[in-house]
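K.L.:
no FASTA, just this:
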């Protein structure tokens, strides 16, 4: 059974009662399971890949990182980076790094107040950084440090609301998604399950995909997710 099928079965169940829209272009639909004896080696390779790729990208993108940092300093007062506590592996907290996209006085370090369309808290430069996903690049430092992985469930802030209530109340299996390091991209994101969580059905669907990934991940699945992310997020700039 494919990871996509597993995620959909979760969404049709009592806890994840969500009727998905037609499968988006680029959706992964293959069997990503691996023998249990290979899990330890696969995890080691995954971590080694994270270290190598994040190091290489930080070096290759250093001119871009420097240019964005300078632009932030020149266009608005305040720090270059935005730091916020997020859930990591085994629900441990870590400070995630992003380029600052909001005016200093309007930043919400709790993350409970989610960003919306045409949010007045976002600077003009910040809108460009969000649309092109450039604001996420500092998370490569989180990957290098071991806080995150290139691929995994996106890290949430503690107390994040979904459908008007804490996520863990809406989805009792919520914390199962923390059995792997959070990622810069993930299965839910490439299946267009990103953005606001005010819709309870949409919010449940994201967790269904996250848990399906943690239970059925493989190195091949990671590569497919990275390639799909590159095509949809980097080349097309579909951030928000």
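P.N.:
Noted; the coordinates are in hand. No experiment lies behind these values; they were computed from the predicted model shown.
K.L.:
Spatially central residue for this protein, please.
P.N.:
Residue closest to the average C-alpha location in the chain (Cα atoms, centre = their mean): residue 154, at 2.9 Å.
K.L.:
Quick check: which ranges of this structure have low pLDDT?
P.N.:
1-38, 110-116, 234-240 (pLDDT under 70).
K.L.:
all helices for it, in order.
P.N.:
Taking DSSP state H as the criterion, the chain carries its helices at 3-12, 39-60, 62-75, 124-131, 139-145, 167-170, 187-190, 200-216, 219-229.
K.L.:
just these: most buried one?
P.N.:
Among the helices of the chain, helix 187-190 has the highest mean neighbour count (mean count of other Cβ atoms under 10 Å), at a mean of 26. Where you see a C-beta, it was placed from the backbone N, CA and C, and this is true even at glycine.
K.L.:
Can you name every helix or strand that that helix contacts?
P.N.:
helix 200-216, helix 219-229 (3 or more Cβ pairs under 8 Å, 6 or more residues apart in numbering; DSSP states H and E).
K.L.:
and the shortest one with helix 200-216, angle?
P.N.:
Between the axis of helix 219-229 and that of helix 200-216 there is an angle of 140 degrees, by axes from the mean of the first three to the mean of the last three Cα atoms, to 10 degrees.
K.L.:
so how far is residue 176 from residue 41?
P.N.:
Using Cβ to Cβ, to the nearest Å, we find residue 41 at a distance of 23 Å from residue 176.
K.L.:
do the same with residue 47
P.N.:
Going from residue 47 to residue 176 by Cβ to Cβ gives 21 Å.
K.L.:
before we move on, what about residue 196?
P.N.:
For residue 196, the distance to residue 176 - Cβ to Cβ - is 22 Å.
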